[in-house]
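Trainee: Here is a sequence together with a model predicted from it:
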Amino acid sequence: MPAYAKTRAATPRGAQFLWGAATAAHQVEGNNVNADIWLLEQVTPTVFAEPSGDADDSLHRWREDVGIVRGLGLTCYRFSVEWSRIEPAKGQFSQAYLDYYSRIVDYCRELGLAPVVTFNHFTTPRWFAASGGWIQKDAPALFARFADKVARAMAGSISHAVTFNEPNLALGGVWPTETRDNSEFEAKVAAMTAAAARASGSDRFDVLNAGDPRPMIPGLIEAHRQARAAIKAVRGDLPLGLSLALSDDVGIGPDNALGRKRKIVYEPFFELARDDDFIGVQTYGRAFIGKTGPVEGPKDTPRRANGGEWYPSAIGNTIRYAHEATGKPVLITENGIDAADDTERARFIPEAIASVEKARIDGVPVIGYIHWSLLDNFEWLSGYGPKYGLVAVDRKTFARTIKPSARLLGRIARNGGTRGIAGE
């Protein structure tokens, strides 16, 4: 690990360190009808618990959402631009939606927030999926063209650009193939994508997180390279990277498969990130890896009321690993907890941030901490059941209610770290 001067665990408003909260377009905007995931939610059969529908109506309430971030005392807002709104048909770009997302960027700046913009947060346009998704030969060029359009519209005011959100996530479910028997679920996914293909008038419907991701990874990696070049051509000094899903993996036994998992799930993307300006890290816990794949953790592992492991400090370990593997500064683009009881989130946040502070003191260069999520929202296959938000959203009225954990995170941000801050 490169040597870095020791630093305070965090810095106050106006300095480089970013304190923020995140959302993603499909999960909060609502009625994202031209997206691949929207169609997968609608067809029969589907593996989605429920359709996204109006989501949190952030398409119309985004000013309120950005205002909440500022009002809490945070310093950045991470959100994504939606490819399927900007390019609803191949080669047809919507200036209205380019202007729409530009207004969000500008409003963040007006309020003193750094806009961290994700160019692709899982969803792609329906036409893209129906023509082969990331498998098609021109996929990298198509994404780079989209990235160029977005960059020309708003790159001048963006704080940090994230090309892809967790492009390695789906690999986490396929690397230990000999230990997984998901044949029934995989059959349901195949039936769902076949139905989407028929609805699209195509013989295929290829989505990264709905099927075997391995054939798609080469195209996606090249798409990052080409998008990076396109964005940098517009603004060469814009800090750019991609975010990765990293669990705090612990090898169990002398012949564990930890090295194999890292080689398949992480290392190709670490190699890619070495040419970026930072590496984005998204961590929600740890995993125990045995001889052939995931295993149960030790019996004395601390548990939550729902039986899940309690281990907020996982994020401190993954950022050390990501920095050591890439040599790049780390931006924590997501970290959080699914908790209907907000007192758990209020316990989680200071413990997680304390682990980040320890890593910074040890020399890991961390750009910022962005919590997932700003809002309770549509959590993909699980629908609206999970509660990751700092802010509750009424499903009928869309009224926002700020939770105590959000105010705690705001106090930590204004304080410049956890020192002297007690949980609520």
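Mentor: Here it is on my side, so go on. None of the values given here were measured: they were computed from a predicted structure.
Trainee: For the top helix by length along the chain, which outside residues touch it?
Mentor: Assignment by DSSP state H gives helix 342-361 as the longest helix of the chain. With contact meaning Cβ atoms under 8 Å, 6 or more residues apart in numbering, helix 342-361 is reached by 6-10, 304-305, 312-317, 319-320, 332, 335-337, 339, 366, 369, 371, 390, 403-405, 408-409, 412, 417-418, 421, 423-424. Where you see a C-beta, it was placed from the backbone N, CA and C, and this is true even at glycine.
Trainee: Show the buried residues in the residues you listed.
Mentor: 9-10, 304, 312-317, 319-320, 332, 335-337, 339, 366, 369, 371, 390, 403, 405, 408-409, 412, 417-418, 421, 424 (16 or more other Cβ atoms under 10 Å).
Trainee: Now intersect those residues with the strands, please.
Mentor: Among the buried ones among the contacts of helix 342-361, the ones falling in strands (DSSP state E) are 332, 335, 366, 369, 371.
Trainee: In a markdown table: these, plus pLDDT.
Mentor: Listed next are those as a markdown table, based on pLDDT from 0 to 100:
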| residue | pLDDT |
| --- | --- |
| 332 | 98 |
| 335 | 98 |
| 366 | 98 |
| 369 | 98 |
| 371 | 98 |
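Trainee: any chance of those residues in TSV, plus distance to residue 148?
Mentor: As requested, those are exported to TSV (distance: Cβ to Cβ, whole Å):
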residue	distance to residue 148
332	28
335	31
366	30
369	30
371	31
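Trainee: from those residues, which two are the most distant?
Mentor: 366 and 371 (14.1 Å; Cβ to Cβ).
Trainee: Phi and psi next, for residue 244.
Mentor: Backbone torsions for residue 244, taken as degrees, to the nearest 10, come to phi -120, psi 140.
Trainee: My guess is it contacts residue 269. True?
Mentor: Yes: with contacts counted by Cβ atoms under 8 Å, residue 244 reaches residue 269, the gap being 5.4 Å.
Trainee: quick one: common contacting residues for the two?
Mentor: Listed contacts common to residue 244 and residue 269 are 167, 168; contacts here mean Cβ under 8 Å, 6+ apart.
Trainee: what mean pLDDT does stretch 188-197 have?
Mentor: The average of the pLDDT scores along stretch 188-197 is 97.
Trainee: and stretch 249-261, how far apart are its ends?
Mentor: 9 Å (Cα to Cα, to the nearest Å).
Trainee: Does residue 165 touch residue 80 like I think?
Mentor: Yes: taking contacts as Cβ under 8 Å, residue 165 lies within contact range of residue 80: 7.0 Å.
Trainee: which residues are common contacts for the two?
Mentor: Counting by Cβ under 8 Å, 6+ apart, the shared contacts of residue 165 and residue 80 are 24, 118, 120, 121.
Trainee: Tell me, how many residues neighbour the last one?
Mentor: What it means is residue 121. 22 (other Cβ atoms under 10 Å).
Trainee: which ones are touching the residue lying farthest from the centre of the chain?
Mentor: Centroid-distance maximum for the chain: residue 254 at 32.8 Å, with Cα atoms, centre = their mean. Residue 254 makes contact with no residue, according to Cβ under 8 Å, 6+ apart.
Trainee: Looks to me like it is in a helix.
Mentor: No: using DSSP: H, G, I helix; E, B strand; the rest coil, the secondary structure at residue 254 is coil, not a helix.
Trainee: how far away is it from residue 321?
Mentor: Residue 254 is 20 Å from residue 321, where distance means Cβ to Cβ, to the nearest Å.
Trainee: Ends of stretch 251-267, what's the gap?
Mentor: Span of stretch 251-267 from end to end, Cα to Cα: 17 Å.
Trainee: buried stuff in that stretch?
Mentor: Of all the residues in stretch 251-267, those buried under the rule 16+ other Cβ under 10 Å are 251, 252, 256, 257, 258, 261, 262, 264, 265, 266.
Trainee: Equivalent analysis for stretch 271-279, please.
Mentor: Of the residues in stretch 271-279, 272, 273, 276, 277, 278, 279 count as buried by neighbour count, 16+ other Cβ under 10 Å.
Trainee: Then stretch 388-405?
Mentor: 388, 389, 390, 391, 392, 393, 398, 400, 403, 405.
Trainee: again, but for stretch 205-218
Mentor: Counting neighbours by 16+ other Cβ under 10 Å, one finds that the buried residues in stretch 205-218 are 205, 206, 207, 208, 209, 210, 211, 212, 213, 216, 217.
Trainee: Alpha carbons only: can I get stretch 296-314 in CSV?
Mentor: Taking Å, rounded to 0.1, in the frame of the first residue of the first chain, the C-alpha atoms of stretch 296-314 are listed here in CSV:
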residue,chain,number,x,y,z
GLU,A,296,-22.2,-19.8,7.4
GLY,A,297,-20.1,-17.6,9.7
PRO,A,298,-19.0,-18.5,13.2
LYS,A,299,-21.8,-19.2,15.7
ASP,A,300,-20.6,-16.4,18.0
THR,A,301,-21.0,-13.8,15.2
PRO,A,302,-23.1,-10.8,16.5
ARG,A,303,-26.6,-10.9,15.1
ARG,A,304,-29.4,-8.4,14.4
ALA,A,305,-32.9,-9.0,15.5
ASN,A,306,-33.8,-10.5,12.1
GLY,A,307,-30.9,-13.0,12.3
GLY,A,308,-28.6,-11.2,10.0
GLU,A,309,-25.0,-10.4,11.0
TRP,A,310,-24.2,-7.1,12.7
TYR,A,311,-20.9,-5.9,11.3
PRO,A,312,-20.9,-2.2,10.4
SER,A,313,-17.1,-2.1,10.2
ALA,A,314,-17.1,-4.1,7.0
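Trainee: now that stretch, how far from the centre of its chain.
Mentor: Offset of stretch 296-314 from its chain centre (Cα atoms, centre = their mean, to the nearest Å): 23 Å.
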